[in-house]
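Chemist: From the sequence below, what's the structure:
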Amino acid sequence: MPRCTFVVLAVLVATPLFAAPRLKQEKLAAPPLAGTSWVGKTAEGWDMTIDFLADGGMRVSYNQTSFTKASWKQDGEKVYYEMNDRYCEFEGKFIGEAIDGQTHNVAGRRWDTRLTQVKR
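Modeler: Predicted structure coming up:
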């Protein structure tokens, strides 16, 4: 009888250990955008650089021009920016070390956008 009791006790103790759920990997916090530069493509396929300024403004450069009539917001991993009084808007989020999302403009055009950080 003691041997049977030992086996039952061992099964009762060991079963929860094997059935325990795995803990989810801790999600890394999205890095702050202020003071960073990112590159991507415009809808036309031109190389574009975006400097996310600390005051919520942006400097956007492409096709040998640059402008600052643009702003951005970050909420954790989510990123939003607009250019030229919301003529063009982007909504995306951090995916690994990139920011992926969709851009649209008032003319109804939509396109996928991927930004990668400029390492300095």
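Chemist: Might you calculate how far the helix or strand hosting Ser61 sits from the centre of the chain?
Modeler: Assigned by DSSP states H and E, Ser61 belongs to strand 58-62. When C-alpha coordinates are averaged (C-alpha atoms, centre = their mean, to the nearest Å), strand 58-62 and its chain have centres 20 Å apart.
Chemist: Please enumerate the helices of this protein.
Modeler: 2-19 (DSSP state H).
Chemist: Any regions of it where pLDDT drops low?
Modeler: Applying pLDDT under 70 to the chain picks out residues 1-28.
Chemist: got the contact list for the residue positioned nearest the centre of it?
Modeler: With the centre of the chain defined as its mean C-alpha position, the nearest residue by C-alpha atoms, centre = their mean is Phe94, 0.9 Å away. Phe94 sits next to 30-31, 77, 79 when contact means C-beta atoms under 8 Å, 6 or more residues apart in numbering. In this view, the C-beta of every residue, glycine as well, is placed from N, C-alpha and C.
Chemist: Kindly recompute the last result at 7 Å.
Modeler: Residues near Phe94 by C-beta atoms under 7 Å, 6 or more residues apart in numbering: 30, 77.
Chemist: and it, bridged to which residues?
Modeler: With DSSP bridges as the criterion, the beta-bridge partners of Phe94 are Ile99.
Chemist: likewise Cys88?
Modeler: For Cys88, the beta-bridge partners under DSSP bridges are Met83, Asn105.
Chemist: list the contacts for it?
Modeler: For Cys88, the residues meeting the contact criterion (C-beta under 7 Å, 6+ apart) are 82, 103, 105.
Chemist: Out of the residues you listed, who's the most crowded?
Modeler: Highest neighbour count within the contacts of Cys88: Thr103, with 21 neighbours (other C-beta atoms under 10 Å).
Chemist: wait, it sits on Thr113?
Modeler: Yes - here Thr103 reaches Thr113: they are 4.6 Å apart, a contact under C-beta atoms under 7 Å.
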